Structures are given as structure tokens and as C-alpha cells.
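[1] output the structure for:
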Amino acid sequence: MKRCGKISEAQYPFGKGRYEIQAGEGRKLALTLEQIGQIAKYDDGTEATAKYRDYWLFLYLCNGINVADIVRLRYRDIVNGEICFVRQKTERTTKTRKEIRVIVVRQMQDIIDRWGNTPAPDSYLFPILEGGEDAMRRKMKTLYLTRAINKRMQEVGERLGIGKISTYTARHSFATVLKRAGANIAYISESLGHQDLKTTENYLAGFEREERIKNAEILTKF
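    Here you go, the predicted model:
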């Protein structure tokens, strides 16, 4: 795509200084669909492992969402079967509000049903935040959840022989699984919420719901 001249160097999200997929002898970040399937089926009989495994899977399936964003999701953010959110990392640094949309696949709904709050428009999706926290308290709860997921998933990775698994692995795996399946590079960049893809707003808005559904199905073929 890049070599053919269809997108410019500035538009390419996998180049230097941007979202990079590690290869060769570097640190392994992205997992295969088979490995993700192993994680999804892993069960050591404890509730903690089941919960943090499911949170990790939700991160992966929800466009590699960051923990800081997952804790802020509310039931009102689910519209017509899609989760709609703006990355906390970029909402105050960009001139235009860039909304990310994610098809709620069956596996995601199962996780919401298992661990989510009682459905109500203003309720948070998951019982991490309560709503009255100040910025520092929200940051601490986000950090605690990130560490809890990483600690448990590192243990899961070791037991499965996969290696180190973290919340960052979920984000890399989301992008890499789609890239390996031939998904549009610009679609991946938009789904990740990158702000440096220099395309027109019309082009960014051109990815229809059907394409989101198609790519969501790719993620769950494990």
C-alpha cells in the first residue's frame, strides 16, 4: 500500500516514531489468533484469573483500548450495538473530536454480562470507578487495574508458554491480527485512534458499519 503510493509517508501509521510492530529478535508484543484463543480458554479455577483474563480480552476486542479509556466507558456509550468513545489521550490535544466505534461482538457482551455493572445509561460499564473520584483518584484506580491485569496475565503467559502478556500486548495484537488478515492500514490507524494520519475527514468517515463488522469477526476467529 505504502510502496504503491496510495498513502503517503505521513499517513503511514506503522513507520518510524509511530505504531510499530516488533519483529526479528526484538521484544515480542503481538500474539497470534491461536495464542489469543488459548488465553480465551484458559481457566485455573480462580475468579481473579477469569476476571483479569476477560478484561484483557475486552481490551483486545475493543480496538486495543487503553485501560484509562475502558474504566470511563458507560452504558450510554453503547449505541446501536457499538461502543463509541474518544481516547482520553487525544481528546484534549486535538482540535476535532475523533470518535472510535467498536462493534460489540458476542465475546465482549459475555464479558460485560459477567463483570459489568447493572445496566443503566449513566452507569459505568465495569465497576472500577464510582463517579465521585477526583483526577488523582481516577489515575490511581486506573494504574491499579493495569497492574492487576498485567500481573495476572504474565502468570497466564508463563503457564501457557506464550511469554510476557500485558495490556500493551492486547493493543499490538489487535493491530497485528487485522494487518495479517489484510485489513486496510488506514482503517487500523483510525480504529486505534491515531491522530497523525493525515487524511481528509471524508476519508476517515468512509469506513462503514459493514467493514467494522467484518473486521470484528476477524478478531474472534480463535
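[2] pLDDT score for Glu25?
    For Glu25, the pLDDT comes out at 33.
[3] ok, Gln22 next?
    Gln22 is given a pLDDT of 43.
[4] can you give me the strands for this protein?
    78-79, 82-85, 100-103 (DSSP state E).
[5] out of the ones you listed, nearest to Ile112?
    Shortest distance between Ile112 and the strands of the chain, using Cβ to Cβ, is found for strand 78-79: 8.7 Å. Every C-beta, even on glycine, is put in place using the N, C-alpha and C of the backbone.
[6] what sits against the residue lying closest to Thr142 once chain neighbours are set aside?
    Using Cβ to Cβ, 6 or more residues apart in numbering and skipping residues adjacent in sequence, the residue nearest Thr142 is Ala68, 5.1 Å away. Ala68 makes contact with 88-89, 142, according to Cβ atoms under 8 Å, 6 or more residues apart in numbering.
[7] and if you look at Pro127?
    115-117.
[8] list buried residues within those residues.
    With neighbours counted by 16 or more other Cβ atoms under 10 Å, the contacts of Pro127 contain buried members at 115-116.
[9] same list (the contacts of Pro127) but as TSV, adding pLDDT.
    Output for the contacts of Pro127, formatted as TSV (pLDDT from 0 to 100):
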residue	pLDDT
Trp115	98
Gly116	98
Asn117	97
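[10] which one of the contacts of Pro127 is nearest Ile100?
    Gly116 (19.4 Å).
[11] isn't the closest one up against Ile128?
    No: in this structure, Gly116 is not within contact of Ile128 by Cβ atoms under 8 Å, at 10.6 Å.
[12] how about the helices in the chain?
    Assigned by DSSP state H, the chain shows helices spanning 33-41, 47-61, 67-70, 88-91, 106-115, 135-160, 167-180, 185-192, 201-204, 209-219.
[13] wait, which of the strands of the chain is closest to His172?
    Of the strands of the chain, the one closest to His172 (Cβ to Cβ) turns out to be strand 100-103, at 16.9 Å.
[14] pull the contacting residues for the residue most central in space within the chain.
    Centroid-nearest residue in the chain: Gly64, 1.6 Å away (criterion: Cα atoms, centre = their mean). Residues counted as contacts of Gly64 (Cβ under 8 Å, 6+ apart) are 170-175, 191-192.
[15] okay if I get those residues as JSON lines plus neighbour count, distance to Glu133 and pLDDT?
    Below are the contacts of Gly64 laid out as JSON lines (neighbours: other Cβ atoms under 10 Å; distance: Cβ to Cβ, whole Å; pLDDT from 0 to 100):
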{"residue": "Ala170", "neighbour count": "29", "distance to Glu133": "24", "pLDDT": "93"}
{"residue": "Arg171", "neighbour count": "20", "distance to Glu133": "24", "pLDDT": "88"}
{"residue": "His172", "neighbour count": "20", "distance to Glu133": "29", "pLDDT": "85"}
{"residue": "Ser173", "neighbour count": "25", "distance to Glu133": "30", "pLDDT": "88"}
{"residue": "Phe174", "neighbour count": "25", "distance to Glu133": "28", "pLDDT": "87"}
{"residue": "Ala175", "neighbour count": "24", "distance to Glu133": "31", "pLDDT": "83"}
{"residue": "Ser191", "neighbour count": "23", "distance to Glu133": "29", "pLDDT": "78"}
{"residue": "Leu192", "neighbour count": "21", "distance to Glu133": "27", "pLDDT": "76"}
